[in-house]
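*Asks:* Pasting the sequence and the predicted coordinates here, then a few questions.
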Amino acid sequence: MQNERLQRLLRSKGSSYITQNPPSVSPYSKPTQTSTLQPNKYLTNYAVQKLQNQSTHITITPSTERRIIPTPSRPPIAFVPHQSSSVSPIRVVQLSTERVQQPQEIHEVHHFERPIQVVAVEEMEYKYKFKIQQLEQMVYQLQVENQRIKINGACIEQSIPIDNPNKITELERINHNLRLSEDKLKLELKQIKEELQIWKDRYSQLQRQSSNQIGFNEELRQLKKQIMQLEEDNNDLQLHLRDKDQEILKLRTILNEKDDIIDQLNDQIQELQIIQENYSRVETTLISLQGEVDVWRKKFKEKNEEASELSEKLIMAETSLEAMKKRQVVQVKEVNVTKTSNNKIGNSMAQSIEAPGRFSTNRGSHYSNKQQT
């Protein structure tokens, strides 16, 4: 019964975690038996670190009173008891179980959403691929370690007769602790797998966001192109507006010149209006003077008629005078006196007749001169 129980314990998954020491002489072994020990090369640094962090590691003290008998067919260790009663019993292990009963620390993974930063796609892909590779390598190492434990446990089939019940109890305790370690490693492996899946989902999400970002970049490029086109159109419109402003300035200059011309023409119109008023006054004066001229013409005609009558009378007087001269030939002296008197009268009458004619002639020439002006 004890052999079967010990065999069942040694087949468990925790026997390989017992650190084996170099070969030494034990009172339970024969003097001719020797054994070669191999160090535990399968326990990775990562598993050791995790076991230390979770405070579930087992301190195993080396025993100098133990000797392991190698078997040619199986590498696992076999213990052979010694029948001598004079040798003190060996102390196989000393367990430090002070912190075994502490509750397991559950490391939760929290993800906080941060605002998306625009980074290069190559840098982002490299970072997440590197993280995924690390997690996959860690999962692979844990799977290899788990498989190794299972294989080593299945290989331990050698029965070990032992009479010390305390040793069996210690081995059962070691087995229990190692099973707890295995459960913790399985839980940690599960958490790592979940974290790996989360990182894979995150990576796929970032890939989708990257594709969306590419679409956004294309849209942004199109918008920038439209903005550049609108800026060019705006510059063209600004140039066109400057040209129009210059044309407006030219037209304003021309308009000012035309206003000056209009002012000059208004001044000329005022001058012409003044001239027209003066002309109307002159015309009124001419009309009044024309009436006076008509009056003087009538008077001139009357005076001419009087002068013609007087000239006829003079002719008649001369005729009568000649007749009288013919009649009075004898009295020469008297005739001479009469002639002289008649000549004086005729001269005075001629002067009186010629004077109105000169006045009318002068008035006619003055009127003709006014009409010419």
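*Replies:* Ah, there it is.
*Asks:* can we go C-alpha only for contacts and neighbour counts from here?
*Replies:* Noted.
*Asks:* residue boundaries of the helices in the stretch 101-250 of the chain?
*Replies:* Under the criterion DSSP state H, counting those that start in this stretch, the stretch 101-250 of the chain contains helices at 121-155, 165-327.
*Asks:* and stretch 234-244, average pLDDT?
*Replies:* Computed over stretch 234-244, the mean pLDDT rounds to 91.
*Asks:* go on, stretch 202-219?
*Replies:* Per-region confidence: stretch 202-219 scores 80 on mean pLDDT.
*Asks:* Identify each buried residue in it, please.
*Replies:* For stretch 202-219, the neighbour count (16 or more other CA atoms under 10 Å) marks 203, 206, 210, 213 as buried.
*Asks:* Using PDB, write out every CA atom in it.
*Replies:* C-alpha atoms of stretch 202-219 as PDB (Å, rounded to 0.1, in the frame of the first residue of the first chain):
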ATOM      1  CA  ARG A 202      -7.100  45.800 -30.600                       C
ATOM      2  CA  TYR A 203      -4.700  45.300 -33.400                       C
ATOM      3  CA  SER A 204      -7.500  44.500 -35.800                       C
ATOM      4  CA  GLN A 205      -9.400  47.500 -34.600                       C
ATOM      5  CA  LEU A 206      -6.400  49.700 -35.100                       C
ATOM      6  CA  GLN A 207      -6.000  48.200 -38.600                       C
ATOM      7  CA  ARG A 208      -9.600  49.200 -39.300                       C
ATOM      8  CA  GLN A 209      -9.000  52.600 -37.900                       C
ATOM      9  CA  SER A 210      -5.800  52.800 -40.000                       C
ATOM     10  CA  SER A 211      -7.900  52.000 -43.100                       C
ATOM     11  CA  ASN A 212     -10.400  54.600 -42.000                       C
ATOM     12  CA  GLN A 213      -7.600  57.000 -41.400                       C
ATOM     13  CA  ILE A 214      -6.400  56.400 -44.900                       C
ATOM     14  CA  GLY A 215      -9.800  57.300 -46.100                       C
ATOM     15  CA  PHE A 216      -9.800  60.400 -43.900                       C
ATOM     16  CA  ASN A 217      -6.400  61.300 -45.200                       C
ATOM     17  CA  GLU A 218      -7.700  61.000 -48.800                       C
ATOM     18  CA  GLU A 219     -10.700  63.100 -48.000                       C
END
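*Asks:* Arrange the buried residues of stretch 202-219 in a markdown table, one row each, with distance to residue 255 as further columns.
*Replies:* Formatted as a markdown table, those follow (distance: CA to CA, whole Å):
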| residue | distance to residue 255 |
| --- | --- |
| 203 | 75 |
| 206 | 70 |
| 210 | 65 |
| 213 | 60 |
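*Asks:* still on that earlier bit, just give me the lowest mean pLDDT stretch among the helices of the stretch 101-250 of the chain.
*Replies:* helix 121-155 has the lowest average pLDDT among the helices of the stretch 101-250 of the chain, namely a mean of 77.
*Asks:* buried ones in that one?
*Replies:* For helix 121-155, the neighbour count (16+ other CA under 10 Å) marks 124, 128, 132, 135, 138-139, 141-142, 145-146, 148-149, 152-153 as buried.
*Asks:* what do you get for stretch 184-199?
*Replies:* The neighbour-count check on stretch 184-199 (16+ other CA under 10 Å) flags 184, 185, 188, 189, 191, 192, 193, 195, 196, 199 as buried.
*Asks:* just those residues now: which is nearest residue 227?
*Replies:* residue 199 (39.5 Å; CA to CA).
*Asks:* just to revisit the earlier point, tell me which two in the buried residues of helix 121-155 are the farthest apart.
*Replies:* 124 and 153 (43.8 Å).
*Asks:* Which segments of the protein make up each domain?
*Replies:* Using automatic domain parsing, the domain parsing of the chain gives 2-224, 259-372.
*Asks:* Tell me which helix or strand residue 329 sits in.
*Replies:* Assigned by DSSP states H and E, residue 329 belongs to no helix or strand.
*Asks:* Now do it against residue 323, distance only.
*Replies:* Counting by CA to CA, to the nearest Å, the separation of residue 329 from residue 323 is 10 Å.
*Asks:* And for residue 270?
*Replies:* 76 Å.
*Asks:* now swap in residue 142 and tell me
*Replies:* Here residue 142 is placed at a distance of 192 Å from residue 323 (CA to CA).
*Asks:* And for residue 262?
*Replies:* 86 Å.
*Asks:* just residue 275 next, same as before
*Replies:* 68 Å.
*Asks:* again with residue 252
*Replies:* Distance from residue 252 to residue 323, by CA to CA: 100 Å.
*Asks:* And residue 249, by the same measure?
*Replies:* Relative to residue 323, and taking CA to CA, residue 249 is found at 105 Å.
*Asks:* can you check residue 307 too?
*Replies:* The gap separating residue 307 from residue 323 is 24 Å, by CA to CA.
*Asks:* now swap in residue 149 and tell me
*Replies:* 203 Å.
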